[in-house]
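Engineer: Let me see the structure of the following:
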Amino acid sequence: MAARLVWDYKIILRGVAQLVARLVWDQKAAGSNPVAPTINIVEVFFMRWFLHAKIHQATVTEADLKYVGSITIDEELLDKSGLLAGEKVLVVSNMTGARLETYVIVGAKNSGIIRMNGASAHLIKKETK
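Structural biologist: Prediction:
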């Protein structure tokens, strides 16, 4: 499973500027001093995560504790699922219920590899679904 964060800095910065301008304008209209407008962070930053790809019932073929973090996935599987190298993914074990977030590394094409790397190999081991 994977989630992609939809984030556009220009829109957020424009939104912050518009919000500050609106607050200052509202305070002027109300007759108060707009020196320190109060900004509600919830109004400014609103992010949603959407599932855009899923690899279901895959079996971990390898686990490498000595590698630094991540999950290595066969390039063919990445192409079919739409996941990208470096993309943040949520990995869930159907056998143990373990959940972790990591990033994708591209494995050799048509190798069938799904390898848990680093500390994640303690949670989701070889042959785990």
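Engineer: Strands of this structure, residue ranges please.
Structural biologist: For the chain, the strands defined by DSSP state E occupy 2-5, 49-53, 62-64, 71-74, 88-92, 99-107, 114-117.
Engineer: Go through the ones you listed and find the least confident stretch.
Structural biologist: Mean pLDDT is lowest for strand 2-5 out of the strands of the chain, coming in at a mean of 40.
Engineer: how does the chain divide into domains?
Structural biologist: For the chain, automatic domain parsing gives the domain ranges 2-44, 54-123.
Engineer: which stretch in those domains is the model least sure about?
Structural biologist: Minimum mean pLDDT among the domains of the chain: domain 2-44, a mean of 55.
Engineer: follow-up on the earlier one: mind putting the strands of the chain into a markdown table with mean neighbour count and distance to Ile124?
Structural biologist: C-beta coordinates here come from the backbone N, C-alpha and C atoms, glycine included. Formatted as a markdown table, the strands of the chain follow (neighbours: other C-beta atoms under 10 Å; distance: least, C-beta to C-beta, whole Å):
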| stretch | mean neighbour count | distance to Ile124 |
| --- | --- | --- |
| strand 2-5 | 16 | 15 |
| strand 49-53 | 12 | 18 |
| strand 62-64 | 17 | 7 |
| strand 71-74 | 22 | 9 |
| strand 88-92 | 17 | 6 |
| strand 99-107 | 16 | 7 |
| strand 114-117 | 23 | 5 |
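Engineer: List just the one of the ones you listed that sits closest to Lys125.
Structural biologist: strand 62-64 (5.2 Å; C-beta to C-beta).
Engineer: and the closest one, what does it pack onto?
Structural biologist: If contacts are counted by 3 or more C-beta pairs under 8 Å, 6 or more residues apart in numbering; DSSP states H and E, strand 62-64 sits against strand 114-117.
Engineer: Sheet-wise, list the partners of the strand it packs on with their directions.
Structural biologist: strand 62-64 (parallel), strand 71-74 (antiparallel) (DSSP bridges).
Engineer: out of those strands, nearest to Trp49?
Structural biologist: strand 71-74 (18.1 Å).
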